[in-house]
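J.: How does the following fold in three dimensions:
(chains A, B, C and D)
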Protein chains: 2
Amino acid sequence: MADGAQTHNTILVEAAKLFASEGYSAVSMRDVANKVGVTPANLYYHFTDKDTLVRETLVHALSERAGALDTIFSEARQPAERIGAFVTWLTHLLFEDEVFARLVFRELLDGDEGRIAYLATTIFERPFLQLIDATAGERRLDARLTAASIVALILGHVQIAVALPYLQGSEPGHVDPETVGRHIASLIERVLQPPA
Amino acid sequence: MADGAQTHNTILVEAAKLFASEGYSAVSMRDVANKVGVTPANLYYHFTDKDTLVRETLVHALSERAGALDTIFSEARQPAERIGAFVTWLTHLLFEDEVFARLVFRELLDGDEGRIAYLATTIFERPFLQLIDATAGERRLDARLTAASIVALILGHVQIAVALPYLQGSEPGHVDPETVGRHIASLIERVLQPPA
DNA sequence: GTCTATACCTCGATAGAC
DNA sequence: GTCTATCGAGGTATAGAC
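T.: Now for the predicted structure:
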């Protein structure tokens, strides 16, 4: 199983998958060890205890994905274009990267103060400020609430996607990132266009 | 601790609180027993095993709340008014009834097929069909996606409410059901108003 | 850095008295 | 209907050989 730095990283990656799919308390150190292909004792060489493993797994998984956020907004564009790019990016990321999406949802549900603060500043703060800036043109809406609504809309669609197939007359397109992303973009366009 | 029917109900209520706040696998039968004030063995008199307790707790908690849904839509109104009433109702319910909100989020995250199907038909189906009906007037949008968006927007706002206080310049109003509800209603109004 | 072996605890669940 | 007592499995974590 190669050298230590390798194992350390493999543990973080496999633990992220397990924690995302089962939840922290449902996954034992034995589970992680089995998946990685080492013994439980080895996990305690790399991480002092389970709580530390959970936290470092989270930091590793989130910071890995948050990097791409920079490039989304880095190119100077019109506000509307910037919003569209963000919507497309986040929708695809959450629909297609199930590990990331589920870790985010778990943190929002079960994270303690420190972990939610970390999540907020690492993932949400940058796009949130950009969205506030981009929606500030519409004076009759609270820009912060509107920015929150854009993020909420995307998160909510991902969240309810698992339930939609059980409703009457459901179609696969309702849980397809491309379709949902375009729909969200068109809703935002309507909200932000100057009223008649 | 009174007669059996009473205890049975108390268990369901206290278990709902514990499961909502900690998650199913993080709560032991001993935890539930302690909170109720009985012994673990007694729980097994009322429920055959933990999984059964979890399922019956969920059914009890959801069906209890879903009843109010009928009255929201029962009075014949204009589509716009019906949407407004639904938004106000669901926003307040989710922001103010933390046990219900967290149980719903947990099911969406960790429920198996049967439980998500139950959640979908018990909670989501009725308002969903009503919303489709009420938004069908806007021909240039997919009514089902738009209905999903309304639910998604509300769920998403509740979901990210815990993170908003950690973002720069946050205000208490952003996690207040009244303020958020009105904001959502005004967004929907803009989307559904006939374009210029 | 990884293992074997194990201590100690908490878990879900049951038997049987009251 | 509720209790005491207990079993076996599986949980976190550590000691010490390699």
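
J.: Up against DNA strand D, what does chain A have?
T.: A:27-31, A:40-41, A:44, A:48-51 (CB under 7 Å from any atom of the strand). All C-beta spots, glycine's among them, are computed from the backbone N, C-alpha and C.

J.: shaky segments in chain A?
T.: Scanning chain A for pLDDT under 70 picks out A:1-2, A:76, A:195-196.

J.: all helices of it, in order?
T.: A:4-22, A:29-36, A:40-46, A:50-74, A:79-96, A:98-110, A:113-119, A:125-135, A:143-160, A:177-192 (DSSP state H).

J.: who wins for proximity to residue B:155 among those?
T.: Nearest to residue B:155, of all the helices of chain A, is helix A:143-160, at 4.4 Å by CB to CB.

J.: The closest one packs against which elements?
T.: Judged by 3 or more CB pairs under 8 Å, 6 or more residues apart in numbering or on different chains; DSSP states H and E, the packing partners of helix A:143-160 are helix A:79-96, helix A:98-110, helix A:125-135, helix A:177-192, helix B:98-110, helix B:143-160, helix B:177-192.

J.: Any chance of these in a markdown table with mean neighbour count and distance to residue B:17 as columns?
T.: Shown next, in a markdown table, are these (neighbours: other CB atoms under 10 Å in any protein chain shown; distance: least, CB to CB, whole Å):
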| stretch | mean neighbour count | distance to residue B:17 |
| --- | --- | --- |
| helix A:79-96 | 18 | 30 |
| helix A:98-110 | 20 | 15 |
| helix A:125-135 | 20 | 32 |
| helix A:177-192 | 19 | 34 |
| helix B:98-110 | 20 | 6 |
| helix B:143-160 | 24 | 18 |
| helix B:177-192 | 19 | 20 |
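
J.: Can you lay out those helices as a markdown table showing distance to DNA strand C?
T.: Below are these laid out as a markdown table (distance: least, CB to the nearest atom of the strand, whole Å):
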| stretch | distance to DNA strand C |
| --- | --- |
| helix A:79-96 | 31 |
| helix A:98-110 | 17 |
| helix A:125-135 | 34 |
| helix A:177-192 | 37 |
| helix B:98-110 | 15 |
| helix B:143-160 | 27 |
| helix B:177-192 | 34 |
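
J.: Switch those helices over to a markdown table; also include distance to residue B:127.
T.: Shown next, in a markdown table, are the helices and strands packed on helix A:143-160 (distance: least, CB to CB, whole Å):
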| stretch | distance to residue B:127 |
| --- | --- |
| helix A:79-96 | 23 |
| helix A:98-110 | 22 |
| helix A:125-135 | 28 |
| helix A:177-192 | 19 |
| helix B:98-110 | 13 |
| helix B:143-160 | 7 |
| helix B:177-192 | 14 |
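
J.: Of all those helices, which one comes closest to residue B:170?
T.: Residue B:170 lies closest, by CB to CB, to one member of the helices and strands packed on helix A:143-160: helix A:125-135, at 9.7 Å.
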